[in-house]
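Peer 1: model the structure of this input:
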Amino acid sequence: MVVTVKLYATLRKFYPDLGVGEGMRVELPEGATVGQLLNHLNLPPDVVRVAFVNGIARDENHPLSDGDEIGLFPPVGGG
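Peer 2: Numbering: from 1, shown residues only. Down below sits the predicted model:
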């Protein structure tokens, strides 16, 4: 299956050739989860705080489907 992933804020440093707001197509085996996607992308587990799948926050055990759009966000601080 193929999903589209967008990396936001500081996560973009892991894929510096990716343009701002640009999604990357990622091929995964059927039944892969959000956690398996993060492993596939070689993202350290502590750098992704929130994963949105088709606009809904999901945990690492959520199964993905062909055509899903995933947005990955780092921890955010502010005041």
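Peer 1: and the residue nearest the centre of the chain, bridged to which residues?
Peer 2: For the chain, the residue nearest the mean C-alpha position is Leu72 (4.0 Å; Cα atoms, centre = their mean). Beta bridges link Leu72 to Leu7, Ala51, judged by DSSP bridges.
Peer 1: dump the residue contacts of it.
Peer 2: Val5, Lys6, Leu7, Tyr8, Leu11, Leu38, Leu43, Val48, Val50, Ala51, Phe52 (Cβ atoms under 8 Å, 6 or more residues apart in numbering). Yep, even glycine has a C-beta here, placed from its N, CA and C like the rest.
Peer 1: quick one: those residues as a markdown table, columns for pLDDT too.
Peer 2: Converted to a markdown table, the contacts of Leu72 look like this (pLDDT from 0 to 100):
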| residue | pLDDT |
| --- | --- |
| Val5 | 97 |
| Lys6 | 97 |
| Leu7 | 95 |
| Tyr8 | 93 |
| Leu11 | 93 |
| Leu38 | 96 |
| Leu43 | 92 |
| Val48 | 94 |
| Val50 | 95 |
| Ala51 | 96 |
| Phe52 | 98 |
